[in-house]
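>>> Show me how the following folds:
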Amino acid sequence: MEWETVIGLEVHVQLATASKIFSGSSTAFGAEPNTQASAIDLAMPGTLPAANAEAFRFATMFGLAIDAEIGRTSVFERKNYFYPDLPKGYQTTQLEQPIVIGGHVDIAVNGETRRIRIHHAHLEEDAGKSLHEDFHGLSGIDLNRAGTPLIEIVSEPDLRNADEAVAFARRLHSIVTALGICDGNMSQGSMRFDVNISIRPKGEEKLGTRTETKNLNSFRFMERCIEQEIERQIEVLESGGSIVQETRLYDGDTHSARSMRSKEEANDYRYFPCPDLLPVILDDDYIDAVRQSLPELPEAKQARFQEQYGLSDYDAGLLSADAATAQFFEAAAAEAGDAKACANWVLGEIAARLNASDSSINEAPITANMLAGLIQRIQDNTISSKIAKTVFDAMWQGEGSADAIIEARGLKQVSDSGALEKIVDEVIAANPKQVENYRAAPEEKRGKMLGFFVGQSMKLSKGQANPQQLNQILKQKLEQ
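Below is the predicted model of the structure:
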């Protein structure tokens, strides 16, 4: 049987506010456990929450960026369930009247553009974090994250495979980081994905039974998880079994998933309006002011990069997809004066090393200024492109600027014609047979044969000869 996959995502985006959604506690990452959880975050008797205005502004920015309707009246409900890292015994969230309604995101996969609909996005508070690694059969609870503001973005079931799901997640990442409402650091939990997957016979309208895999925090994990779950569900159905609606957990270390619990329905949570929080009313003037404050979004930035810097659609798309990468590129290009060279380095050497360590460009050991300095030394023929890679390696290892490394290692390119002629003379004298063959060869074969002499000369110069000058001198002397 031919099967069709149906995928929907629920994306939890931590908002980059300085304080929590209902208290003044700090949201800074990395503090000692349980040092940033106030009495309000724990819902101690006698405490009252107060809504964070910045969280509403950030959520409104997101809604406008995806062309959604902004809910003029936002109401909070209590979602009741027990879990050790939920000290209140309920989560304050939005159900009936979310702040963002509808909207869409366009993705490009295999050269085709698809529009993925957003059902809604709602404001809510994050829970704490359970720690299992260092407690020898026990679990630790860190409540610093409890009360951190989130928007949960819920897509329609418009996605059909892992590639589309990852493209959609990446596009959301690029939007929220461009807006500045989230730092996008998935390793710290700033963005987490719940993936709902079902299978149905191709052509069938009715949706199959879905499973939900929770808290995926990398695009790579999401891709693997989806592919495995699709394969698992097809295998179950084709062997005569049925899919159980359940919540699953994916382990990134073992690349395997397991069942956690049967999937709850909305009524299992006993939602009811939060009695401590009044409805929040957003008027047209407020929404228009937020609209005017929106920064340049990724699609507009991509178009500008193509026009301003002469980049290809592909390169401009990659550079504009992440706000930090775009900023790094533009800063380097402004100083180096060569946007194409900067794009090549950012998308080549830098991206490869960051991908290998699963790091972001904010964690790169070189700055935009340092990259510009390296490119300038290539432009003014201080070093060759080949030597530049050696210099880049040293920069990445923390040895300093390009100028400092070139000076310390004696890597300056040899451009003195007299010194180059001496090198060429030595190579010609040491290889009389090759010289004879070159001179006897027809013109169309000499280009390939010249490579031998270039290689020998570069070896003799320890890779520091100016390649253009070297080629000119070699041709001149070999054809005498």
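>>> Please work out the average pLDDT along stretch 184-204.
Stretch 184-204 shows a mean pLDDT of 93.
>>> try stretch 293-312
Average pLDDT, stretch 293-312: 95.
>>> First residue to last residue on that stretch, what's the distance there?
End-to-end span of stretch 293-312 (CA to CA, to the nearest Å): 29 Å.
>>> What residue, apart from its backbone neighbours, is nearest residue 68 spatially?
Excluding the flanking residues, the one nearest residue 68 by CB to CB, 6 or more residues apart in numbering is residue 103, at 3.0 Å. In short, each C-beta sits where N, CA and C put it, glycine included.
>>> Over to residue 160?
With sequence-adjacent residues excluded and distances taken as CB to CB, 6+ apart, residue 160 is closest to residue 5, at 5.6 Å.
>>> In three-state terms, how would the one you found be classified?
strand (DSSP: H, G, I helix; E, B strand; the rest coil).
>>> Now name the helix or strand holding residue 118.
strand 112-125 (DSSP states H and E).
>>> Enumerate every residue touching the residue nearest to residue 68.
With contacts defined as CB atoms under 8 Å, 6 or more residues apart in numbering, residue 103 is in contact with 63, 66-69, 117-118, 121.
>>> From the residues you listed, pick the one nearest residue 287.
Lowest distance from residue 287 to the contacts of residue 103 (CB to CB) belongs to residue 63, with 8.8 Å.
>>> correct me, but the closest one touches residue 98?
No. The criterion here is CB atoms under 8 Å, and residue 63 misses it with residue 98 at 9.5 Å.
>>> between those two, what contacts are shared?
Contact criterion CB under 8 Å, 6+ apart; residues shared by residue 63 and residue 98: residue 121.
>>> where along the stretch 351-480 of the chain do the helices fall?
351-356, 368-379, 385-396, 402-409, 417-430, 432-440, 443-460, 467-478 (DSSP state H, counting those that start in this stretch).
>>> and these, which is most packed in?
The highest mean neighbour count among the helices of the stretch 351-480 of the chain, using mean count of other CB atoms under 10 Å, belongs to helix 368-379: a mean of 20.
>>> Summarise which helices and strands that one is packed against.
On a contact count with 3 or more CB pairs under 8 Å, 6 or more residues apart in numbering; DSSP states H and E, helix 368-379 meets helix 323-336, helix 339-345, helix 385-396, helix 402-409.
>>> Of all the ones you listed, which one comes closest to residue 256?
With respect to residue 256, and counting by CB to CB, the nearest of the helices and strands packed on helix 368-379 is helix 323-336 at 31.9 Å.
>>> The strand holding residue 118 pairs with which strands?
Strands that pair with strand 112-125, judged by DSSP bridges, come out as strand 100-101 (antiparallel), strand 104-109 (antiparallel), strand 149-155 (antiparallel).
>>> report the longest helix in this protein, please.
helix 219-238 (DSSP state H).
>>> Tell me how far the residue lying closest to residue 388 once chain neighbours are set aside lies from residue 66.
Closest residue in space to residue 388, ignoring its immediate chain neighbours: residue 378 at 5.2 Å, by CB to CB, 6+ apart. Remark: distance between residue 378 and residue 66 (CB to CB, to the nearest Å) = 41 Å.
>>> ok, now residue 256?
34 Å.
>>> higher neighbour count, these two?
Per other CB atoms under 10 Å, whichever of residue 256 and residue 66 has more neighbours is residue 66, with 21 against 12.
>>> closest to residue 277 out of the helices of the stretch 351-480 of the chain?
Closest among the helices of the stretch 351-480 of the chain, once you apply CB to CB, is helix 351-356, at 41.5 Å.
>>> Which strands border the helix or strand hosting residue 130, and is each parallel or antiparallel?
According to DSSP H and E, residue 130 maps onto strand 129-131. Partners of strand 129-131 in the sheet, by DSSP bridges, are strand 140-142 (antiparallel).
>>> Buried residues of the strand it pairs with, list them for me.
Residues 141-142 are the ones in strand 140-142 that count as buried (16 or more other CB atoms under 10 Å).
>>> go on, stretch 50-70?
So, applying 16+ other CB under 10 Å, buried residues of stretch 50-70: 51-52, 54-66, 68, 70.
>>> And for stretch 75-82?
Using 16+ other CB under 10 Å as the test for burial, stretch 75-82 gives 75-79.
>>> So for it, first residue to last residue, what's the gap.
Across stretch 75-82, first to last residue, CA to CA, it's 22 Å.
>>> Helices along the stretch 1-150 of the chain, start to end?
Counting by DSSP H, counting those that start in this stretch, the helices of the stretch 1-150 of the chain are 53-65.
>>> Rounded mean pLDDT for stretch 40-60, please.
The model assigns stretch 40-60 a mean pLDDT of 95.
>>> Name the residues that touch it?
15-23, 25, 39, 70, 74, 76, 87-89, 92, 99-100, 121, 123, 143, 146-147, 149, 151, 179, 181, 276-277, 280, 282, 286-287, 290.
>>> Please flag which of these sit within strands.
Judged by DSSP state E, the subset of the contacts of stretch 40-60 located in strands is 70, 74, 92, 100, 121, 123, 149, 151, 280.
>>> any idea how far the fourth one is from residue 66?
Okay, so that is residue 100. 8 Å.
>>> Common neighbours of the two, please.
residue 118.
>>> for the nearest residue to residue 26 once chain neighbours are set aside, what are its contacts?
Counting by CB to CB, 6+ apart, the nearest residue to residue 26 once its immediate chain neighbours are dropped is residue 36, at 5.1 Å. Neighbouring residues of residue 36 by CB under 8 Å, 6+ apart: 25-28, 144.
>>> if we go to 7 Å?
Residue 36 sits next to 25-26, 144 when contact means CB atoms under 7 Å, 6 or more residues apart in numbering.
>>> Kindly report the same for residue 122.
Contacts of residue 122 by CB under 7 Å, 6+ apart are 93-94, 98-99, 151-152.
>>> So which of these is the closest to residue 363?
residue 151 (25.0 Å).
>>> and the gap between that closest one and residue 91?
Residue 151 is 14 Å from residue 91, by CB to CB.
>>> Could you do residue 132 as well?
21 Å.
>>> cool, residue 455 as well?
67 Å.
>>> again with residue 277
Going from residue 277 to residue 91 by CB to CB gives 13 Å.
>>> And for residue 200?
Where residue 91 is concerned, residue 200 sits at a distance of 32 Å (CB to CB).
>>> go on, residue 478?
When distance is defined by CB to CB, residue 478 is 78 Å away from residue 91.
>>> Residue 182 too?
In terms of CB to CB, residue 182 sits 19 Å off from residue 91.
>>> Would you mind telling me which of those two has more residues around it?
More neighbours surround residue 182 than the other of residue 182 and residue 91, with 22 against 19 (other CB under 10 Å).
>>> and residue 249, which of the three is it?
strand.
>>> Around it, how many other residues sit close by?
15.
>>> Run through the residues that contact it.
For residue 249, the contact set (CB under 7 Å, 6+ apart) comprises 214, 257-258, 260.
>>> Low-confidence bits of the protein, can you list those?
263-266, 413-417, 419, 447, 466-467, 470, 480 (pLDDT under 70).
>>> beta partners of residue 140?
Here residue 140, judged by DSSP bridges, has bridge partners residue 131.
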